[in-house]
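# can't give you the sequence, but here's the structure:
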């Protein structure tokens, strides 16, 4: 039986959990924007990171420790 890592439990395929440290004012703006756009912070972060990473050529690194 294959074990599911705790960061994957309860998530759709292709998603994972991660913890990040960010500036308080950025979080407050994200919360407000999520409220006004009727989206989740998760949705906003996925959009923002997708836009940031789109078209960039990024060399892979090995997944050390996984």
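Alright, I've got the coordinates. Please read these numbers as outputs of a predicted model, since none were measured by experiment. Numbers count the residues shown, from 1 in each chain.
# only C-alpha atoms for contact and neighbour calcs from this point on.
Noted.
# may I see the buried residues of stretch 26-46?
30-31, 34, 41, 44 (16 or more other CA atoms under 10 Å).
# biggest separation within those, which pair?
31 and 44 (9.5 Å; CA to CA).
# which one among the buried residues of stretch 26-46 gets closest to residue 18?
Nearest member of the buried residues of stretch 26-46 to residue 18, counting by CA to CA, is residue 41, at 13.5 Å.
# the closest one contacts residue 31, correct?
Yes. In this structure, residue 41 is within contact of residue 31 by CA atoms under 8 Å, at 6.6 Å.
# could I get the buried residues of stretch 26-46 as JSON lines with distance to residue 24 and pLDDT?
Formatted as JSON lines, the buried residues of stretch 26-46 follow (distance: CA to CA, whole Å; pLDDT from 0 to 100):
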{"residue": "30", "distance to residue 24": "10", "pLDDT": "97"}
{"residue": "31", "distance to residue 24": "11", "pLDDT": "97"}
{"residue": "34", "distance to residue 24": "15", "pLDDT": "97"}
{"residue": "41", "distance to residue 24": "14", "pLDDT": "96"}
{"residue": "44", "distance to residue 24": "16", "pLDDT": "97"}
